[in-house]
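Participant: model this:
(chains A and B)
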Amino acid sequence: MKIARMAAVALVLALVAGCSKEKADPGGAGAPGAPAYGDAIVDGSIGDVSGFLTAVTSDSASHGAANYVFNGLVRYDKDLKLEGELAESWEVTPDGKRITFHLRKGVRWHDGEPFTSDDVLFTYRRLIDPNTPTAYAEDFRQVTRASNPDPHTFVVEYGKPFAPALASWGMHILPKHLLEKHPDISRSPLNKKPVGTGPFRFVEWKTGEKTVFEANPDYFEGRPYLSRVVTRVIPDPATMFLELKSGGIDMMGLTPLQYTRQTETEEFRTSFNKYRYLSFGYTYLGFRLSHPFFSDKRVRQAFAHAINKKDIIDGVLFGFGQEATGPYKPGTWVHNPDVRRYPFDPEKARALLAEAGWTDADGDGVLEKGGRTFAFTVLTNAGNESRAKTAAILQQNLAAVGVRMEIRTLEWAAFINEFVDKRKFDAVILGWSITQDPDQYDIWSSQKTGPKELNFVGFRNAEVDRLLEEGRRTFDMEGRKKAYFRIQEILAEEQPYVFLYYPDALPVVHKRIHGVEPAPAGISYNFIKWYVPEAQQRYTTFQK
Amino acid sequence: MAAGATSMFRDFLRRLLKNRLAVAGAVVVSFLFVVAAYPSAFARHDPSRIDVRKILEPPSADHPLGTDELGRDVLSRMVHGARISMEVGFVATGIATAIGLVVGLIAGFYGRWVDGVLMRFVDIMLCFPSFFLILAVIAFLGPSIINIMAVIGLTSWMGAARLVRAETLSLKERDFVSAARAQGAGNLRIIFRHILPNALAPILVWATLGVAGAILVESSLSFLGIGVQPPTPSWGNILTAGKDNIEFAWWLSVYPGLAILVTVLGYYLLGEGIQDAADPRLKGR
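Facilitator: Residues are numbered from 1 along each chain as shown, chains lettered A, B, ... in the order given. Now for the predicted structure:
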C-alpha cells in the first residue's frame, strides 16, 4: 500500500504536459501527424524532488520523477487492473499464500548490467531491513519466505493470505549491483542519480530548479517517442500558469480558478488540451481524538453537520470535485455510497453540541462547558491555496454554531515533523492520496498510532481492527467488499475525520503533444506513447 | 511663557498650513483615523462573511470594490484592514519611539562609556538586515498581531535613539540646563523636565515617518503570509489573493495597493511638513 501524504493537490498530477504556438505543417517527411521520435516535454511541479528511491520518499513530486526511471514487477493499467511490468506473468496458488513471478528476459539497467531476480530479492531484503527508513515496509513484512530459484523467477510466500500482496509488488525494483555496498539506501548516491530499468534515463537534477530525463532507447516496451522530459520546479501556481502561457512549460495541473476563468479563450484552446477526472485523493478535517473537546463522538458529528461541504466544493473547487463520505473514491468498487451522511444543518449541530454539554451560558456567541470555551486551532500547510480557503469556510461554518476556530498555516516539513508526528495539534486539514488497493491498515489500525505512524489522530476501534485484518486476508472481491463497506459505515458514524471532498484533477497539456487518452487511471499511464508529429516539434537541439 | 508657547505653536501651524503637500498628507491621515475609528460607517458588509456564490465579482453597486476569492466584500475588508494597519503602525512606532527616547536620552546625557556601549549596541542592531530579522523572529514566535507589533517596534528604534542622543548632546550644554542644575535639579528631573520636551519635535517627525514604515512592513509580512492571519483582513493579505488572481481580478491588487501607497505617502508628506514647519532656520520661506 502506498499512501503518500499529499503535499499539494497539484502535485498529484505527477505526469502532465504542455505548450507553445504550433508551427504550420510544411508537409515534410512522413505523413503529417504521424507518431515521430523527438521533442521534449516540460512539466511544471510545485515541489522539488527529495530523492529518486521511492522506498524512502513519500511525496508525490519524488514518486512522479522516479516513475520515469524505475519499474515495479506489476502496475495498474488504464482501467486500473493489475498488469505485468518487469514481471511477464505470475501465478498465485489457490490459497493465496504463494506468488511466483516470471520476470521479463533481456531487460537491462541503464548502465548496461542485466536485470535479474537477484535485484528483486535484494529490493525485498532492503525494504524489510531496519536500516532502511521506509514507510512501506509493512506490506513486505507479511512475506515469510522469498527466493529466486533462477535468474528469471521470483517466489514469495505469505504466512497468511494477504490480499494486497500482488499490488504491493508495484514497488520499484532497485539495482543490486549499485546498492549492495550502501547499508542505508536513502544516503546512497543512487538516491540523487538514479539508475533504473524505466523508459527514461536520468540526465540531471538541479536542486530547486529542474530534473531532466532522456528517452531510454533500449526500453523493454520500446523507446518512448518523446526524447526528453524536463520537470521544472515552480512553487507558485500563478507563476506556473504564466510560464505555461508563455511557452516555458508544456503541462501542469490547473487550479479550479484557472480552469474556469483563465483558460476559456480561443487562444488558449488552440494551444492546449484540458482534461478533467476525479483525482485519487481526498481532503479532510482530522481531529486529535485524545483532545478533551474531540473525544466525544457527538462533537465530531456536530462538526460534520455544521460544515457546509457543498459551499466548500463550490467556493474552493468551483464545483470541480465531489463530496467525500469516507476514505474511498466514489465510483470505485470499494466505495460504499450508503453510509450515514451529515447534511448541512447548523440547528442539528447545535443540538448535538448541547447534548454533549456545550452551551452558550454567557451569551457571547461562543460555547462553554465546565468553564472552558470552545476554541481550538486548526493546522494546515502553507502554500496550499485550496486548504487555506477550506479553512476560512470551516471557520465561518463553525462560528455559526458557536465554535471558535483559529487557523495556523505551517511550512510542510515543520508541520509534519513537529506537529503531526509529535501529536501536537487540536485538528488538522490534510489530504491523503489513495491507491487502488483498499487496504488502509496504516491509517486506521489501532496498532499504528505510535510516533511517526500514520494513524496520528489516534483512532481505535476493535471492529475496524478486525475488519482491516479480514480485508487483508480475503481474496474474494465480494468478501473484501463486505469488510470495507462495514469499515466505511463505522468511520461515517464515528467521524474521526470529517471527510470533506475529492477534488478533480485538472491537467492541461500542450496541443502539439498527441496520444493523450484520458482513462479511469488518468492520463499519464501511456506516457511513453505520447508523441509530437515531426512538423510540430519544438525542441530539436539535442540528439533524437 | 504660556503665551510664548502658544504663539510659537501658532507660527508652526501657520507654516504647516502653507505647505499644500503637508495639508494633503494631514487630510489623508485624518481620513484614515476616521475610517479606522468607525469602520462600520464605511463598510456595509461583514468583512469576513464568505459567500461562495459571489466569488471574484468585479466592482458593482453592492460591492464598490468587488469581491475576493471567497466572495467577501473587498471594500469592507479594506476598511477593517485600515484599522489593523493603523494599530500596527502606531503601536509598533510607539514601542520604537519609547525605546529610542530612553536609550537616546541616557546615552546623550551621561556620555562617556554609557554612550559608547549604547551607541555600539545601536550600531550592532543596525547591522542586521531588519526585514530578515523580523521574518526570522516571526517564523520562530508564530505570527500574531501582538508579535508583529512587538517585533517591528523592537527592530526599528535605532534611528530614534540616534536622533534623541544628538539632540540631547546639544541640549545638555544649553543655559537652561545649567540654570536647572544650579537650582539643584537632579539628573532625572533635568532629563525628563528640561531635555525631553525640547527633543520632542524631531522625534515627532521621526515617529510620523516611522508609522509609514511600520505599515509597509506589516503589509509585506501579511503579503508573505506570516503577518496578520486570516480571517482578519489586512491590506497585505488582500494583496496576496490579488497576486494569485491578477490576470482577471485587477481590483484585488489595485485597491489595496493604492491604499498602501496613499497612506504611506500621506504620512511622509505630513512628516516632512512638520519637519519643515518646526525648523526655525526655514522660517523666512
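Participant: helices of the stretch 151-285 of chain B, start to end?
Facilitator: All helices of the stretch 151-285 of chain B, identified by DSSP state H, counting those that start in this stretch, fall at B:158-171, B:175-182, B:187-189, B:196-223, B:235-244, B:251-278.
Participant: what's the shortest one packed up against?
Facilitator: Okay, so that is helix B:187-189. Packed against helix B:187-189, as judged by 3 or more C-beta pairs under 8 Å, 6 or more residues apart in numbering or on different chains; DSSP states H and E, are no other helices or strands. C-betas here are computed from N, CA, C, even on glycine.
Participant: state the mean pLDDT of it.
Facilitator: For helix B:187-189, mean pLDDT is 86.
Participant: how about the first one?
Facilitator: With pLDDT averaged residue by residue, helix B:158-171 scores 91.
Participant: deepest of the helices of the stretch 151-285 of chain B, which one?
Facilitator: Most buried of the helices of the stretch 151-285 of chain B by mean neighbour count (mean count of other C-beta atoms under 10 Å in any protein chain shown) is helix B:235-244; its value is a mean of 23.
Participant: if we can go back for a sec, residue A:55: which of the helices of the stretch 151-285 of chain B is closest?
Facilitator: Among the helices of the stretch 151-285 of chain B, the nearest to residue A:55 by C-beta to C-beta is helix B:235-244 (35.7 Å).
Participant: and the angle for the closest one with helix B:251-278?
Facilitator: Per axes from the mean of the first three to the mean of the last three C-alpha atoms, to 10 degrees, the angle that helix B:235-244 makes with helix B:251-278 is 140 degrees.
Participant: which other helices and strands contact helix B:235-244?
Facilitator: Counting by 3+ C-beta pairs under 8 Å, 6+ apart, helix B:235-244 packs on helix A:237-246, helix B:74-110, helix B:196-223, helix B:251-278.
Participant: for the shortest one, buried residues please.
Facilitator: By neighbour count on 16 or more other C-beta atoms under 10 Å in any protein chain shown, the buried set for helix A:237-246 is A:237, A:238, A:240, A:241, A:243, A:244, A:245.
Participant: same for chain B: which of those are within range?
Facilitator: A:237, A:238 (C-beta under 8 Å from any C-beta of the partner chain).
Participant: show me where pLDDT drops low in the stretch 151-285 of chain B?
Facilitator: Within the stretch 151-285 of chain B, the stretches with pLDDT under 70 are B:280-285.
Participant: in it, what residue is nearest chain A?
Facilitator: Minimum separation of the stretch 151-285 of chain B from chain A (C-beta to the nearest C-beta) falls at residue B:244, amounting to 4.8 Å.
Participant: which residues touch whichever residue of the stretch 401-544 of chain A sits closest to chain B?
Facilitator: Among all residues of the stretch 401-544 of chain A, residue A:407 sits closest to chain B, at 5.9 Å; criterion: C-beta to the nearest C-beta. Applying C-beta atoms under 8 Å, 6 or more residues apart in numbering or on different chains to residue A:407 gives the contacts A:377, A:378, A:380, A:388, A:391, A:392, A:395, B:229, B:230, B:231.
Participant: let's go with 7 Å and repeat that
Facilitator: A:378, A:391, A:395, B:229, B:230 (C-beta atoms under 7 Å, 6 or more residues apart in numbering or on different chains).
Participant: surely the second one and residue A:381 touch.
Facilitator: No - the pair residue A:391 and residue A:381 does not pass the contact test of C-beta atoms under 7 Å, sitting 10.7 Å apart.
Participant: overlap of the contact sets of those two?
Facilitator: With C-beta under 7 Å, 6+ apart, residue A:391 and residue A:381 have no common neighbours.
Participant: not counting sequence-adjacent ones, nearest residue to the residue in the stretch 1-150 of chain B positioned nearest to chain A?
Facilitator: With C-beta to the nearest C-beta as the measure, residue B:52 is the residue of the stretch 1-150 of chain B nearest to chain A, at 3.2 Å. Excluding the flanking residues, the one nearest residue B:52 by C-beta to C-beta, 6 or more residues apart in numbering or on different chains is residue A:315, at 3.2 Å.
Participant: what sits against the one you found?
Facilitator: With C-beta under 7 Å, 6+ apart, residue A:315 has these contacts: A:389, A:393, B:50, B:52, B:55, B:70, B:71.
Participant: neighbours around the fifth one, how many?
Facilitator: In other words, residue B:55. By other C-beta atoms under 10 Å in any protein chain shown, 23 other residues sit near residue B:55.
Participant: now the closest residue to it other than its chain neighbours, what's its secondary structure?
Facilitator: Leaving out its chain neighbours, the residue that sits closest to residue B:55 by C-beta to C-beta, 6+ apart is residue B:71, at 4.7 Å. What DSSP: H, G, I helix; E, B strand; the rest coil gives for residue B:71 is coil.
Participant: next one: residue A:212
Facilitator: For residue A:212, the assignment made with three-state DSSP gives strand.
Participant: dump the residue contacts of the closest residue to it other than its chain neighbours.
Facilitator: Nearest non-adjacent residue to residue A:212, counting by C-beta to C-beta, 6+ apart: residue A:203, 4.1 Å away. Listed by C-beta under 7 Å, 6+ apart, the contact partners of residue A:203 are A:212, A:213, A:214.
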